[in-house]
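A.B. asks: quick one: sequence and predicted model below, then my questions.
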Amino acid sequence: MATVNFSVPEDVRQEFNQLFSQENKSAILTKLMQQAIAEKKRQHRRQLAVDKILDLRASQAPVSAQEIEQARIELRS
């Protein structure tokens with residue numbers, strides 16, 4: 001297991017220590033780091049998806065609202 005060193009504001013450290021005094025602080029910080037990693041990965045995947053959609057839209061000809069409505073009607077039939 002690795003040891004990490006982070007600087008945090010003193011008030012945050014004190015409140016964390018107070019609120020989690022009876023718990024395994026390393027386990028809590030590990031879980032928070034895992035959540036942060038997962039969130040960062042989700043953000044990256046979302047950004048890639050948005051970029052792909054925007055690229056696709058840029059390569060397609062515009063479609064009118066009437067054409068969209070007609071396609072919906074046809075697909076429902």
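C.D. replies: Sure, I can see it.
A.B. asks: pLDDT value on residue 77, please?
C.D. replies: Residue 77 carries a pLDDT score of 85 in this model.
A.B. asks: with residue 73 instead?
C.D. replies: pLDDT, read off for residue 73, is 94.
A.B. asks: got it, and residue 13?
C.D. replies: 96.
A.B. asks: ditto for residue 1
C.D. replies: Residue 1 is given a pLDDT of 88.
A.B. asks: need the contact list for it.
C.D. replies: Residues near residue 1 by Cβ atoms under 8 Å, 6 or more residues apart in numbering: none. (Each C-beta comes from the backbone N, C-alpha and C, glycine too.)
A.B. asks: quickly note the distance from it to residue 58.
C.D. replies: Per Cβ to Cβ, to the nearest Å, residue 1 is found 48 Å from residue 58.
A.B. asks: which SS state does residue 5 fall under?
C.D. replies: The assignment at residue 5 comes out as coil when based on DSSP: H, G, I helix; E, B strand; the rest coil.
A.B. asks: same question, residue 8
C.D. replies: Going by three-state DSSP: residue 8 is coil.
A.B. asks: could you check how far the closest residue to it other than its chain neighbours is from residue 30?
C.D. replies: Closest residue in space to residue 8, ignoring its immediate chain neighbours: residue 16 at 7.9 Å, by Cβ to Cβ, 6 or more residues apart in numbering. For residue 16, the distance to residue 30 (Cβ to Cβ) stands at 14 Å.
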